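Student: The following comprises the amino acid sequence and a computationally predicted model.
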Amino acid sequence: MAVGDGGTVRYSADGVTWNSSSVSPAANLTAVWFRQPIPSLWRFGAGGAAYTSPDGITWTARSTGTTANLWGMISAQVQYLAVG
């Protein structure tokens, strides 16, 4: 999965053929984060943008309480820390 400006999302099962998707509201996205064993996908970006998905297809915007640019996430058990 790759993300970019304007909410652009590209995903591929084989790294050769790529499909397009997007998030709304559109944001300049900078990172994708995945957690196991409970499948959880996160996307982060400019202005505190954050989105979650259980399946990589349907995305929900999340409030982060910041307008700072976010570049990724770390986690431990049930705690999450977005970094920017």
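Tutor: It's in.

Student: how about the chain, which residue sits the furthest from its center?
Tutor: residue 16 (21.3 Å; Cα atoms, centre = their mean).

Student: mind checking the SS state of the residue nearest the centre of the chain?
Tutor: The chain has residue 43 as the residue nearest its centroid, 0.8 Å off, counting by Cα atoms, centre = their mean. Following DSSP: H, G, I helix; E, B strand; the rest coil, the label given to residue 43 is strand.

Student: Can you give me the distance of it to residue 21?
Tutor: For residue 43, the distance to residue 21 (Cβ to Cβ, to the nearest Å) stands at 10 Å. For every residue, glycine as well, the C-beta is placed using N, CA and C.

Student: joint contacts of the two?
Tutor: residue 9 (Cβ atoms under 8 Å, 6 or more residues apart in numbering).

Student: where does the protein dip in pLDDT?
Tutor: Flagging of the chain using pLDDT under 70 yields the residue ranges 36-39.

Student: which residues in it form helices?
Tutor: Here the chain has no helices by DSSP state H.

Student: Which parts of it are strands?
Tutor: 2-3, 8-11, 19-22, 29-35, 40-45, 50-53, 60-61, 72-76, 79-83 (DSSP state E).

Student: okay, those, which one's buried deepest?
Tutor: Highest mean neighbour count of these: strand 40-45, a mean of 21 (counted as mean count of other Cβ atoms under 10 Å).

Student: Please name the strands paired to that strand in the sheet, noting orientation.
Tutor: Strand 40-45 pairs in its sheet with strand 29-35 (antiparallel), strand 50-53 (antiparallel), by DSSP bridges.

Student: hey, what's the spatially closest residue to residue 35 that is not a sequence neighbour bridged with?
Tutor: Leaving out its chain neighbours, the residue that sits closest to residue 35 by Cβ to Cβ, 6 or more residues apart in numbering is residue 75, at 6.2 Å. Residue 75 forms beta bridges with residue 80, as assigned by DSSP bridges.

Student: List the contacts of residue 53.
Tutor: Per Cβ under 8 Å, 6+ apart, neighbours of residue 53: 40, 41, 42, 43, 59, 60.

Student: The second one against residue 33, yeah?
Tutor: What that stands for is residue 41. Yes - the pair residue 41 and residue 33 passes the contact test of Cβ atoms under 8 Å, sitting 7.3 Å apart.
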